[in-house]
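In: Below is the sequence, then the predicted model.
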Amino acid sequence: MSHYYSSSGRFLEADSLSTRRKVAREAASLLYAGVEKEFKQAKLKAANTFNTSFLPANLEVALELDKIAEEREGPTRKERLVRMREEALKFMKLLKVYDPLLIGSVWRGTINHDSDIDIVAYHDEPETIMNVLKQQGTRIVHAEWVSVTKKGKRKSAFHIYAESTLHEKVEIKVSSQDQADTVERCEVYGDLIRGLQLHELEKLLKENPTERFLPT
């Protein structure tokens, strides 16, 4: 029987690898359908479905989620990706002086039917950014402070939930200016979250509007 090595260095027999893939596919299906919102919970539920303790990596689930979106959404997926990137550009132009950065699935090119536009902006007074958006007629749906703990450190950021003119959901995370040069590692794909700055997005839309940004 063939053997494969897991990320922890232990070998997995072929049938175990097959189970891992099934769990990854099921977890991705749960995420796509909106049954689960978090990768961890989706993986646990999927593993329970197959009565196994094997849990795939987040990357494995993300790749399956990408496949499901492609299978179910077809050519319209790329068309929407371009539209969402164009909408993102409009918001980034409004927030130009706050060093906006496009991240998330619209940056990566891995959107699905439930994706929103994720932008990070940097300012020590989030209300200022709220006012800029309101003055330009942006529909603000909700805004709140969100705190997360990573590696024992608690960080807070102000999140603005808005809607674009084409009714796409937009989430703008306002971080303090001292975070502007910080590059975080993606918990799903494992690479650095480089994102796209305003000028990079403009260039992308002119040269290769459906380009994808995934770890190689």
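Out: Yep, that arrived.

In: For residue 196, give me the backbone phi and psi.
Out: With angles defined as degrees, to the nearest 10, residue 196 sits at phi -130, psi 130.

In: So what pairs up with it in the strands?
Out: Assessed by DSSP bridges, residue 196 has beta-bridge partners residue 102.

In: What is the neighbour count of it?
Out: 25 (other C-beta atoms under 10 Å). Yep, even glycine has a C-beta here, placed from its N, CA and C like the rest.

In: just checking, it touches residue 108?
Out: No. Between residue 196 and residue 108 there is no contact under C-beta atoms under 8 Å: 9.9 Å.

In: Quick one: low-confidence residue ranges for the protein.
Out: 1-15 (pLDDT under 70).

In: show me the contacts for residue 103.
Out: Neighbour list for residue 103: 118-120, 193, 195 [criterion: C-beta atoms under 8 Å, 6 or more residues apart in numbering].

In: In PyMOL, how would I select just the buried ones from these?
Out: Applying 16 or more other C-beta atoms under 10 Å to the contacts of residue 103, the buried members can be selected in PyMOL as follows:
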select buried, resi 118+119+120+193+195
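
In: What is the nearest of the contacts of residue 103 to residue 90?
Out: residue 119 (10.7 Å; C-beta to C-beta).

In: That closest one - that's part of a strand, no?
Out: Yes. Under DSSP: H, G, I helix; E, B strand; the rest coil, residue 119 falls within a strand.

In: who does it bridge with?
Out: residue 102, residue 172.

In: ok, which stretches of this structure are strands?
Out: Secondary structure of the chain by DSSP state E: the strands cover 3-5, 11-13, 101-103, 117-122, 139-150, 153-163, 169-175, 196-197.

In: possible to save those as TSV with distance to residue 44?
Out: Output for the strands of the chain, formatted as TSV (distance: least, C-beta to C-beta, whole Å):
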stretch	distance to residue 44
strand 3-5	23
strand 11-13	19
strand 101-103	26
strand 117-122	25
strand 139-150	20
strand 153-163	25
strand 169-175	26
strand 196-197	33
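
In: Quick check: the farthest pair among the contacts of residue 103?
Out: 119 and 193 (12.5 Å).

In: quick one, domains of this protein?
Out: Domain assignment for the chain by automatic domain parsing gives 3-73, 76-207.

In: Now tabulate the ones you listed in JSON lines and tack on distance to residue 213.
Out: What follows is the domains of the chain, written out as JSON lines (distance: least, C-beta to C-beta, whole Å):
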{"stretch": "domain 3-73", "distance to residue 213": "12"}
{"stretch": "domain 76-207", "distance to residue 213": "5"}
